[in-house]
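Novice: Any chance you could fold what I've pasted below:
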Amino acid sequence: MAYDFEAFQKFGKEQFEAASAAMGEVAKGLQAIATEATDYSKKSFADSSALVEKLVGVKKLDEAITLQTDYAKSSYEGFVAQATKMGEMYQAVAKEAFKPVEGAIAKMQAAAK
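Specialist: Numbers count the residues shown, from 1 in each chain. This is a model prediction of the structure:
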């Protein structure tokens, strides 16, 4: 009977460690995502400010339209690239967070056989 209790206790400890490791990976990944989002926001704000400064100095309407068009194009391309990067980061977080849980599930399935 003591052996069964010890096995159950060991199993519970392994599950807790797997869950703790998964949550650690999630926290680390979300912090990296937050840092990336902050950096992108700062860059976007700086780009907008630079556009406003350029627009203030423009003397012709066609120059202003060209500046605005170029800004819109580069802003859109930057957004698409950033969205792709963020999606990849979220995917990586999910994969890394599931690895410890996947290992615990494999051990549980092996023990059940």
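
Novice: ok, the nearest residue to residue 23 once chain neighbours are set aside - contacts?
Specialist: Computed as Cβ to Cβ, 6 or more residues apart in numbering, the closest residue to residue 23 that is not its neighbour in sequence is residue 97, at 7.6 Å. C-beta: built from backbone N, CA, C; applies to glycine. Neighbour list for residue 97: 22, 23, 25, 26, 29 [criterion: Cβ atoms under 8 Å, 6 or more residues apart in numbering].

Novice: Ok, residue 92 next?
Specialist: Counting by Cβ under 8 Å, 6+ apart, residue 92 touches residue 29.

Novice: Show me the shaky parts of this protein.
Specialist: Residues of the chain meeting the criterion pLDDT under 70: 1-3, 108, 111-113.

Novice: swap the cut-off to 90 and go again
Specialist: Along the chain, the parts satisfying pLDDT under 90 run over 1-26, 94-113.

Novice: In it, which helix is the longest?
Specialist: helix 2-56 (DSSP state H).

Novice: Give me the angle between the helix or strand following that helix and helix 2-56.
Specialist: With elements assigned by DSSP states H and E, the helix or strand that comes after helix 2-56 is helix 61-112. Counting by axes from the mean of the first three to the mean of the last three Cα atoms, to 10 degrees, helix 61-112 points 180 degrees away from the direction of helix 2-56.

Novice: Helix 61-112: how far from the chain's middle?
Specialist: Centroid displacement of helix 61-112 relative to its chain, using Cα atoms, centre = their mean, to the nearest Å, is 6 Å.

Novice: Tabulate the contacts of residue 97 (TSV), appending neighbour count and distance to residue 48.
Specialist: Shown next, in TSV, are those (neighbours: other Cβ atoms under 10 Å; distance: Cβ to Cβ, whole Å):
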residue	neighbour count	distance to residue 48
22	18	39
23	12	37
25	20	35
26	15	32
29	19	29
